[in-house]
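*Asks:* using only what follows, build the 3D model:
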Amino acid sequence: MNKDFTFTINSVVFDENYHPSDSTRITTNFANLARGESRQSNLRNALKMIDNRFNALANWDNASGDRYSVELEIISVDLDIEGSGQTFPSIEILKTNIFDRKTNERIEGIVGNNFSSYVRDYDFSVLLLEHNKNQPKFSIPAGFGELHGKLFKCFVDSDTYKEAFSKLPVICLSVSDSKIYHRTENHHPILGFEYQPNESSLTEQYFKKMGLQVRYFMPENSAAPFAFFFFGDLLNDYTNLELISTISTMETFQKIYRPEIYNANSSAGKCYQPNLKNLDHSITQIVYDRAERSQLAVEQGKFAEQHFIKPYQTILEQWSANYPL
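*Replies:* Next up, the predicted model:
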């Protein structure tokens with residue numbers, strides 16, 4: 001491992017007063033919500049949705065349905081390649097914390113949840129597109145996702161991560177609309193029924209290079225399954241409240257920007273294919289610019305290419321070649 005690769009963690013509270021910093025990736029879900037005329041009502045409504053969903057799932061010893069509230073921190077991870085003090089914003093994730101009003105106790109939740117990365121933007125919105133330009137058949141570039149995967153594993157293995165967080169990350173994403181998911185008989189009291197896809201997705205393969213496994217579960221009263229990416233044992237390494245904090249947070253974001261799937265008026269059946277053209281869904285009262293989100297992914301991928309991939313290409317290639325798998 002290269003001793004000069006130094007990670008720095010910065011934390012910002014995500015509440016109704018949140019303003020994105022200049023260094024925050026503007027495609028990030030929470031940054032998108034926190035801009036424009038509706039920013040404060042967006043944030044207030046999203047946080048209320050998270051709390052309501054949390055209490056609905058954590059319903060034991062919670063007769064009035066308001067025992068818990070979820071507090072969110074945006075965790076930004078900066079990477080110093082050469083030890084020069086020059087950093088690049090490498091990863092942004094969310095940390096959940098749970099406040100128990102009954103005991104006045106603050107309980108640590110899960111780190112991960114949302115995941116965004118400039119290098120991933122580069123891989124998917126620059127490298128992959130360039131590779132397939134004018135090609136008759138879609139293909140994946142050699143070594144696709146390897147650098148990103150090793151950088152992520154390096155961060156999770158670092159003393160910086162271990163000093164800041166007590167457990168390994170869990171990332172929760174939407175299902176792919178190009179895959180078919182079949183419900184199994186396996187049922188978890190919090191995560192709900194497990195689903196299995198008919199084939200592996202490019203996202204699955206990409207996250208596998210980050211060292212992450214994936215399982216698909218549909219919690220009670222959800223409209224569709226979620227993809228949970230994790231290290232270790234998802235069902236036994238985390239408490240019920242920790243899992244609920246991830247479900248309530250990420251289901252809220254998915255309802256806002258993927259309402260066709262996660263705010264659909266009917267739930268996934270035993271055999272399910274997500275449909276982004278589904279008209280039978282409800283819209284939240286939260287303003288979210290999906291078109292802008294897609295456009296900016298390309299811009300931010302080019303930013304990564306210009307400020308990270310090209311300037312440090314030789315160092316990164318040497319480091320990646322020597323990084324243990």
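*Asks:* contacting residues for the residue lying closest to residue 158 once chain neighbours are set aside?
*Replies:* Once flanking residues are discounted, residue 158 sits nearest to residue 7: 5.3 Å by Cβ to Cβ, 6 or more residues apart in numbering. Yep, even glycine has a C-beta here, placed from its N, CA and C like the rest. Going by Cβ atoms under 8 Å, 6 or more residues apart in numbering, residue 7 touches 77, 78, 79, 80, 90, 154, 155, 158, 160, 161.
*Asks:* and the first one, how far from residue 66?
*Replies:* In this view, residue 77 and residue 66 are 34 Å apart by Cβ to Cβ, to the nearest Å.
*Asks:* before we move on, the earlier item: please identify which pair of the contacts of residue 7 lies farthest apart.
*Replies:* Using Cβ to Cβ, the two most remote members of the contacts of residue 7 are 80 and 161, lying 14.9 Å apart.
*Asks:* the chain: helices as residue ranges?
*Replies:* Remark: helices assigned in the chain by DSSP state H are 29-33, 39-57, 118-122, 128-132, 146-157, 159-164, 202-208, 240-257, 259-262, 290-304, 313-322.
*Asks:* okay, buried residues for the fourth one please.
*Replies:* Within helix 128-132, the residues that qualify as buried by neighbour count (16 or more other Cβ atoms under 10 Å) are residue 128.
*Asks:* give the rounded mean pLDDT of it.
*Replies:* Mean per-residue pLDDT for helix 128-132: 90.
*Asks:* one step back: roughly how far apart are the residue nearest to residue 158 and residue 213?
*Replies:* Residue 7 is 23 Å from residue 213, by Cβ to Cβ.
*Asks:* and for residue 163?
*Replies:* With Cβ to Cβ as the criterion, residue 163 and residue 213 are 25 Å apart.
*Asks:* next up, the contacts around the residue sitting furthest away from the middle of the chain.
*Replies:* The outermost residue of the chain relative to its centre, with distances by Cα atoms, centre = their mean, is residue 136 at 32.1 Å. With Cβ under 8 Å, 6+ apart as the criterion, no residue contacts residue 136.
*Asks:* now for residue 206: which residues touch it?
*Replies:* 120, 123, 144, 145, 148, 149.
*Asks:* just for the stretch 151-300 of the chain, where's the confidence low?
*Replies:* 285-294 (pLDDT under 70).
*Asks:* so residue 131 sits right up against residue 139, yeah?
*Replies:* Yes: contact criterion Cβ atoms under 8 Å: residue 131 and residue 139 qualify, at 7.0 Å.
*Asks:* quick check: residue 215 touching residue 225?
*Replies:* No: in this structure, residue 215 is not within contact of residue 225 by Cβ under 8 Å, at 9.5 Å.
*Asks:* who has more neighbours, the two?
*Replies:* residue 225 (27 against 18; other Cβ atoms under 10 Å).
*Asks:* next, give phi and psi for that one.
*Replies:* Per-residue torsions, residue 225: phi -70, psi 160 (degrees, to the nearest 10).
*Asks:* how close does it get to residue 265?
*Replies:* Distance from residue 225 to residue 265, by Cβ to Cβ: 17 Å.
*Asks:* and residue 200, by the same measure?
*Replies:* 30 Å.
*Asks:* perfect, that will be all.
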